[in-house]
Every structure is written in C-alpha cells, then in structure tokens.
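Student: here is a sequence with its predicted model. Questions after.
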Amino acid sequence: MNVSIIGSGYVGTTIAACLADIGHEVVNVEIDESIVETINAGEAPIHEAGLEERIAEHAGTRLRATTDYDAVVDTDVTLLCLPTPQKDDGSLDLAIMRAASESLGDALAAKDGDHLVVVKSTVLPGTTEEVVGPIVEEHSGKRVGEDLELAMNPEFLRMGTAVQDFLEPDKLVLGTTSDAAADTLRELYAPILENPDTHLVETDVREAELIKYANNAFLAAKVSLVNELGNVSKAYGADAYEVLEAVGLDDRISDRFLRSGLGWGGSCFPKDVNAIRAGAREQGYEPELLDAVVEVNDKQPRQLVALLADHVDLEGARIAVLGLSFKPGTDDIRKSRALEVIDSLRAHDADVVAYDPVAMDTVRETYPDLEIEYADSPAAALENADSAVVATDWPEFDDLSFDGMARRVVVDGRRIDVDEDVLEVYEGLTW
Ligand SMILES: NC(=O)c1ccc[n+]([C@@H]2O[C@H](COP(=O)([O-])OP(=O)(O)OC[C@H]3O[C@@H](n4cnc5c(N)ncnc54)[C@H](O)[C@@H]3O)[C@@H](O)[C@H]2O)c1
Ligand SMILES: O=c1ccn([C@@H]2O[C@H](COP(=O)(O)OP(=O)(O)O[C@H]3O[C@H](CO)[C@@H](O)[C@H](O)[C@H]3O)[C@@H](O)[C@H]2O)c(=O)[nH]1
C-alpha cells in the first residue's frame, strides 16, 4: 500500500520506518527540512532502539521524506502524526492539526479517486469528524463518505520501546466511519494483526479518540497512586517497593507501572491528562480525581529537593544529576522530571553537573541558557560532588562507583540498583 505520513517526529518517523519494514511504500511529509534530509540520508532523527537500522535499510527505496505535501496525491492513505500540544490553560491546542489539514486538503484537490485520512495524533472526541474532516473537505473538494474516508487510529507506543510497541502492540484501535475505511486499515496493519496477542478493537471515531485519553489517564493515575502510597510508606518507614510488589501480584492490579519515585513526565501523560481535564470541564464535568493525579505528580520533584536539603546545604553545593531524559531509552526530554529537579536546585543556588547517555545534546540545544555543567560520564559527574540525584533509571546507573564524591550522599528518585553500603547517606524519594 502507498502511505503518506504527515509529521515526522517521534511517532511519525517510527511509524514510517515500521510500515516500510512490513512492506509498504511510505513517504513522510515534514516541515522541518533537517529531519527530511536526515531520513533521506538513511539516518534516524531521534534516538530509538531499532529505528536507525530500519531507516538505513529502507531509505531511498520504500521510505522517503519530503517537505512537499503534493506527495500525498500518489498515496492511498494519509496518517496524521502531528503535535497536539496544550495551551497555557492546559486545553488542547489544535492549531497545527488545523494548518496541516488545510495543506493536506489543498494537496488532495489534485487527486482523482478515493483517499483515507487517518488521525493518529492524540485528539479529544469530536476533533476528527468536526475539525479535521470539514477542513480537508473544504480544501480538497472531496466529500466524506463519497471520495474521502476518515478514521481515528490512536497510537500507544512508548518512547524507548517505540519500534517494538508499534510492531507488536497489545491492541489496535480502529475508529472508522465506514466499512471501506476499516477494510483499508485492516489491510495496512495485516502483518501486525497476524500476531495472536494483538487485540483488534473496531469502534466509532469518538470512542477511539477517548480510548487513548482513558488509557493515558489510567496509567498516569496508577503512577500517581503508587507515588502517594510511596510517600505514605516513607512516612511510616516502610519499603514501598516491597509493599507494591506484593500488591502487584493481584492480577486485577498487575505488576506493571508500580514504580514510585519522581513521577511521570514525557510528551504524553502531562499534556493528555491536562487535555482531558480541560475537555471534561468544557463538557460540564469536574474531574476531581484527575486534578489530584496531576497535583501528586507535581509535588514529587520539589519533595526530592527538600529531602536532599535535609542532608546537604544546597547553596554553592555541587550536585550531580544523573539522567536528563524523561525515561530511559530515549533522548526525549519533554516534561522530564530531571529538568524540574534542576530548576529547583538552581533556585537554591546549587551548582549542577549533569550526565545522560543520550539526552545532553537535546538539553543543550533546547535550553541554551540553562546554567549547568555537562559531564562525559557518570564518574565525571560524581567527581567531587557533594551529593547525587538519580533522576532517570538508565540501566548503566546500576553499577555506579561513588569513589570520587566529596560526600557520598545520594537521593534516588527512581529506585535504581545502587550499592547502599558504600554510601554515607542513601535516601529513596518514596521509601
Ligand atoms: N511521542 C509519543 O510517545 C506518542 C505516542 C503516542 C501518541 N502520540 C501522539 O502523537 C502525536 C505526535 O507526537 P510526537 O511525539 O511524534 O510529536 P513530535 O513533536 O515529535 O513530532 C511532530 C512533527 O510534526 C512536524 N510538523 C509540525 N507541523 C507540521 C505541518 N504543518 N506539516 C508537517 N509536519 C509538521 C514537526 O516538525 C514534528 O517533526 C501527538 O498527538 C502525540 O500526543 C505520541
Ligand atoms: O511505574 C512507573 C512507570 C512509568 N513511570 C514514569 O511515567 C512516565 C511515562 O512512562 P511510559 O508510559 O513508559 O512512557 P511514554 O513514552 O510517555 O508512554 C506513554 O505515553 C505514550 C504517548 O501517549 C503512550 O502511547 C504510551 O502507551 C504511554 O505508556 C515516565 O516519566 C516514567 O518514568 C513511573 O514513574 N513509574
């Protein structure tokens, strides 16, 4: 099948490489020329396991990138993988979706024959049919249900394991308005649907849109609940990880997403929980539990710095921050808890020296004015440090040597596997 993908960020690039891998002809339409050049040179614009080799294999044959929307004319289906950020008030910002839908419609005006437009971006109920559809119709001259089909197919991949998550998902959710759209999507995903462990959910567009938010709200709430229980465990002097390991044996709860600590960051949970909160309010419903989910999460980085301040006078202290990405396996720093910790440490006039295996360049480029030092290795970050904070649970932090530290005070925000015996103070945030 010929597939066009609008937006080549974390999701669009991963999906493009994976769809090429399962045999489709794929073109990425992206406004950022440097991303287009990188993909066409056979390289990955982001750090993601399994991505570089797939792009290297397919670029120039089944995979190409362009800034030219006209590329959609030669394709059967277009997947929208565009950002859906939050506005200052937390509500969903659809400006990019609207602009791209206009460009897509303008390009589709030149296409004879049917076309399927699929929203993969995370959008609130109503967006696909009431915003994207009408804009594409107006600009293309095509009509939904005649020569234009619409679908909403949310994406559940995680950063760090995005390729594997896309190719072997727990579920594929197809929200469609017609049998033709459902047939096309089943054909697109045929090799993935062969996996007996992948559930196929066929539903309406509005439900598909909401399933994505419900999924993320549930997971974010689960982590906030374990953080609340972790904070309570700490207050009682109990080990939260032991408590939750036992709790997770109940198969109604499951042992996944039970890691307490610094809380959730990333490009999805923060903006998606805020969007569904704002959306619920707009519909006249007060989402009190979701408000609390955010409140608990917001507290954790400040709590970690307060804990550190119990042991070290932060003013002028040299503090090593280990990990900058919002989770291991990615260079994505969006809403990373590490950055919150650094802001708070800087506000206390501490000197910060940071290390991350892949995300340091992203931080340098995104926050050129951030007054911190970058170290080449964990050992270099720890050298002469008065304390260390573990902000991201990269596996390479499990074998740290703390020999070079001025004082061996470690506050662990992620419960990594450190050798506590060699430390003067080892404190966990939530246990
Ligand atoms: N990152 C994730 O783990 C993840 C997982 C599932 C769903 N999602 C959802 O998928 C969507 C995309 O997320 P992302 O993380 O890939 O975003 P991103 O910011 O990494 O990528 C979006 C890309 O779209 C490009 N773009 C912006 N305007 C454009 C336009 N008018 N035409 C063409 N390209 C344009 C940007 O330059 C950027 O490269 C969001 O709705 C997000 O919530 C993200
Ligand atoms: O037990 C846990 C599990 C996760 N986290 C934190 O939660 C955040 C999110 O982690 P994760 O969900 O693994 O990564 P994302 O890439 O943000 O993926 C989420 O957001 C994506 C975008 O919507 C969805 O597609 C995925 O299904 C959903 O898991 C990270 O900061 C983690 O450190 C914890 O603190 N404790």
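Tutor: Perfect, thanks for sending it. Fair warning: this is a prediction, and the values are worked out from it, not measured in the lab. Ligands and ions are numbered 1, 2, ... in the order given.
Student: relative to ligand 2, how far out is Leu289?
Tutor: Leu289 sits 18 Å away from ligand 2, taking Cβ to the nearest ligand atom, to the nearest Å as the criterion. Any C-beta I mention is one placed from the backbone N, CA and C, and that applies to glycine too.
Student: right, I mislabeled it, should have said Ser260
Tutor: 7 Å.
Student: how many neighbours does that residue have?
Tutor: 28 (other Cβ atoms under 10 Å).
Student: ok, it to Lys335 distance?
Tutor: Remark: distance between Ser260 and Lys335 (Cβ to Cβ, to the nearest Å) = 18 Å.
Student: ok, Asp386 next?
Tutor: In terms of Cβ to Cβ, Asp386 sits 28 Å off from Lys335.
Student: the two: which is more packed in?
Tutor: Asp386 (21 against 17).
Student: flag the shaky bits of the stretch 201-350 of the chain, pLDDT-wise.
Tutor: Within the stretch 201-350 of the chain, no stretch has pLDDT under 70.
Student: can you show me the strands along it?
Tutor: For the stretch 201-350 of the chain, the strands defined by DSSP state E, counting those that start in this stretch occupy 318-322.
Student: for ligand 1, what's its nearest residue on it.
Tutor: Closest residue of the stretch 201-350 of the chain to ligand 1, Cβ to the nearest ligand atom: Ser267 (4.8 Å).
Student: isn't that residue right up against Thr330?
Tutor: No. Using Cβ atoms under 8 Å, Ser267 makes no contact with Thr330, being 9.9 Å away.
Student: for Glu207, give me its contacts.
Tutor: Gly175 (Cβ atoms under 8 Å, 6 or more residues apart in numbering).
Student: so which of Ser267 and Thr330 has more stuff around it?
Tutor: Thr330 (26 against 22).
Student: count of residues packed around the nearest residue to that one once chain neighbours are set aside?
Tutor: In space, and not counting its chain neighbours, Thr330 is closest to Met159: 3.9 Å by Cβ to Cβ, 6 or more residues apart in numbering. Counted with other Cβ under 10 Å, residues neighbouring Met159 total 24.
Student: likewise for Glu396?
Tutor: With other Cβ under 10 Å as criterion, Glu396 counts 14.
Student: and it, how far is that from Pro328?
Tutor: 9 Å.
Student: residues contacting the residue nearest to Ala71 when sequence neighbours are not counted?
Tutor: Closest residue in space to Ala71, ignoring its immediate chain neighbours: Val27 at 4.7 Å, by Cβ to Cβ, 6+ apart. With contact set as Cβ under 8 Å, 6+ apart, Val27 has these partners: Asn2, Val3, Ser4, Ile5, Leu63, Arg64, Ala65, Thr66, Ala71, Val72, Asp74, Thr75.
Student: now the helix or strand that contains Val11: mean pLDDT?
Tutor: Using DSSP states H and E, Val11 maps to helix 10-21. The average pLDDT for helix 10-21 rounds to 98.
Student: do the same with stretch 105-115
Tutor: On average, stretch 105-115 scores 97.
Student: can you check stretch 185-200 too?
Tutor: Mean predicted confidence for stretch 185-200 is 98.
Student: ok, back up a step: other SSEs contacting the helix holding Val11?
Tutor: Judged by 3 or more Cβ pairs under 8 Å, 6 or more residues apart in numbering; DSSP states H and E, helix 10-21 is in contact with strand 2-6, strand 25-29, helix 33-40, helix 51-58, strand 63-66, helix 162-167.
Student: got the buried residues for the third one?
Tutor: Think helix 33-40. Residues Ile35, Val36, Thr38, Ile39, Asn40 are the ones in helix 33-40 that count as buried (16 or more other Cβ atoms under 10 Å).
Student: what does the stretch 201-350 of the chain put close to ligand 1?
Tutor: Ser267, Cys268 (Cβ under 6 Å from any ligand atom).
Student: quick one: the helices in the stretch 201-350 of the chain, in order.
Tutor: For the stretch 201-350 of the chain, applying DSSP state H, counting those that start in this stretch gives helices covering 205-236, 240-247, 269-282, 288-309, 337-347.
Student: now tell me what touches the third one from outside.
Tutor: Applying Cβ under 8 Å, 6+ apart, the external contacts of helix 269-282 come out as 84-86, 89-92, 122, 124-125, 212-213, 216-217, 219-220, 223, 264, 286-287, 290-291, 293-294, 297, 335.
Student: wait, does it contact ligand 2?
Tutor: Yes. Judged by Cβ under 6 Å from any ligand atom, helix 269-282 and ligand 2 are in contact via Phe269, Asp272.
Student: please name the residues that touch the closest residue to Val243 other than its chain neighbours.
Tutor: Nearest residue to Val243 in three dimensions, chain neighbours excluded: Ser233, at 5.8 Å (Cβ to Cβ, 6+ apart). Residues near Ser233 by Cβ under 8 Å, 6+ apart: Asp239, Ala240, Val243, Thr430, Trp431.
Student: quick check, nearest of those residues to ligand 2?
Tutor: Closest to ligand 2, out of all of these and judged by Cβ to the nearest ligand atom, is Thr430, at 9.9 Å.
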